[in-house]
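In: Predicted model and sequence below, questions to follow.
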There are 2 protein chains.
Amino acid sequence: MTEEVTVSKIIVDITMSLDGFVTGPNPGPDNGLGDGGEVLHRWAVDSRAPIDERVLEDSLTRTGAVVMGRGTFDVVDGPHGWSDDAGFGGRRDGRPLPHNFVVTHEQPASIRLVDDFTIVTDGLEAALRQAVDHAGDQDVTVMGGGDLCGQCIAQGLADEVIIHLAPVVLGRGTPLFFGGEPPAILEFVDAKPAPSATHLFYRRAAA
Amino acid sequence: MTEEVTVSKIIVDITMSLDGFVTGPNPGPDNGLGDGGEVLHRWAVDSRAPIDERVLEDSLTRTGAVVMGRGTFDVVDGPHGWSDDAGFGGRRDGRPLPHNFVVTHEQPASIRLVDDFTIVTDGLEAALRQAVDHAGDQDVTVMGGGDLCGQCIAQGLADEVIIHLAPVVLGRGTPLFFGGEPPAILEFVDAKPAPSATHLFYRRAAA
């Protein structure tokens, strides 16, 4: 007899410009996506097409835990960040919000939304393990920043990669890939095009 | 009475990795797409899906003239480059091949396929003008290298942009965008996904 075991997948899920940036220049708590970077998230904020809605809804439904880096935490837990009832994905609809695991070298001095975050200081893989444990039969979404998502892809830690490719050239900002990553071939799964982003779905190719 | 005038469009048409490279490292006449770069063109060479075929065919049909930079010329006119009956797009099917305009600072010492190339030493815009004149009611395709295509996009010279996005991370190579381009928003037209590339179609957004 075989036993079916549901295993959480680790999914990198991030919005990128055509020139590879996930924020404009100077991102930070007072300037979330950086100078001019807000055009990246148009698909999720302003001009949601039905496809965008479905992509967002699917992500919210499957996500049982979120992993993020320190820069992202500083934005979403900052004064202009998430509210009690609008965390990952931007809305709640009565559902519990997924818990967030923050990869950082140093404990933050304070946490505004203290119940929503677990600070992990012993590395990305430790954070992913904690998030997988927490997610139960749901998945773990790595939502940013670019360096953390890029590391997950380059180190083969991501089972799936979702890139929301916005039709913009930013010129400067935070790259998803920093150069020097080991070459990797991903397996294409699907693309869902909409005017404000083409949602690209990949999985890690079989070794 | 209004007269209908067919105007050639200038179309940037290039294959790019997820991390923004159009070749691997060390591209050149003896190493066309650079180290490991041949995976980029899998969609057009090895594993053509019906969608890939149609995309290629559409491009061949509409292209009346090709513009390329010196590095691309050195490859395609080099010893391992195009043959007399296999130029842009890789095949002919009895059709005349489009003529090629090469943007370069210096005349090459010699041209192997001498009838197929016009060397233009007074800049990108001059080359585009000559190519538009030549193309008649067909379009002009800017096929590479990355810097020339990136310049066309950044300077608003491209009416349309086609990016064949290969599901690979190369880590190093020739970037399509060099950073510092002025921010630009493109208008999304269409995406045609296939396993070896998602073909992304954009047009220049109305000013």
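Out: Thanks, I have it. Everything quoted here is computed from the prediction, not taken from an experiment. Numbering: from 1, shown residues only, chains lettered A, B, ... in the order given.

In: Around chain B, which positions in chain A sit nearby?
Out: Proximity of chain A to chain B, by Cβ under 8 Å from any Cβ of the partner chain, involves residues A:18-20, A:24, A:36, A:39, A:153-154, A:163, A:165, A:167-172, A:176-177, A:179-188, A:190-191, A:193-196, A:198, A:200, A:202. C-beta coordinates here come from the backbone N, C-alpha and C atoms, glycine included.

In: Over to the most centrally placed residue in chain A. Which of the three states is it?
Out: Here the mean C-alpha position of chain A is nearest to the C-alpha of A:Met143 (Cα atoms, centre = their mean), at a distance of 1.2 Å. State at A:Met143, reduced to three classes by DSSP: H, G, I helix; E, B strand; the rest coil: strand.

In: what do you get for A:Ile163?
Out: A:Ile163 ends up strand, using three-state DSSP.

In: If any of the residues of chain A next to chain B are buried, give me the PyMOL selection for them.
Out: Listed next is the PyMOL selection for buried residues among the residues of chain A next to chain B, using 16 or more other Cβ atoms under 10 Å in any protein chain shown:
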select buried, chain A and resi 18+19+20+24+36+39+153+154+163+165+167+168+169+170+171+172+176+177+181+183+184+185+186+188+191+193+194+196+198+200+202
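
In: Out of the residues of chain A next to chain B, which sit inside strands?
Out: The strands in this structure, assigned by DSSP state E, contain A:163, A:165, A:168-169, A:184-188, A:190-191, A:193-194, A:198, A:200, A:202 from the residues of chain A next to chain B.

In: Listing request: residues of chain A with sub-threshold pLDDT.
Out: Scanning chain A for pLDDT under 70 picks out A:1-6, A:47, A:85, A:90-92, A:207.

In: Let me see the ranges of the helices in it.
Out: Assigned by DSSP state H, chain A shows helices spanning A:50-62, A:70-76, A:124-135, A:146-154.

In: helices or strands next to the shortest one in the packing?
Out: If I follow you right, that is helix A:70-76. Applying 3 or more Cβ pairs under 8 Å, 6 or more residues apart in numbering or on different chains; DSSP states H and E, one finds that helix A:70-76 contacts strand A:99-103, strand A:139-144.

In: Paired strands for the shortest one, with orientation please.
Out: Strand A:99-103 has these partner strands in its sheet, going by DSSP bridges: strand A:63-69 (parallel), strand A:117-120 (parallel).

In: Now tabulate those in a markdown table and tack on mean neighbour count.
Out: Formatted as a markdown table, the strands paired with strand A:99-103 follow (neighbours: other Cβ atoms under 10 Å in any protein chain shown):
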| stretch | mean neighbour count |
| --- | --- |
| strand A:63-69 | 24 |
| strand A:117-120 | 18 |
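
In: Stretch A:84-102 spans what distance, first to last residue?
Out: 17 Å (Cα to Cα, to the nearest Å).
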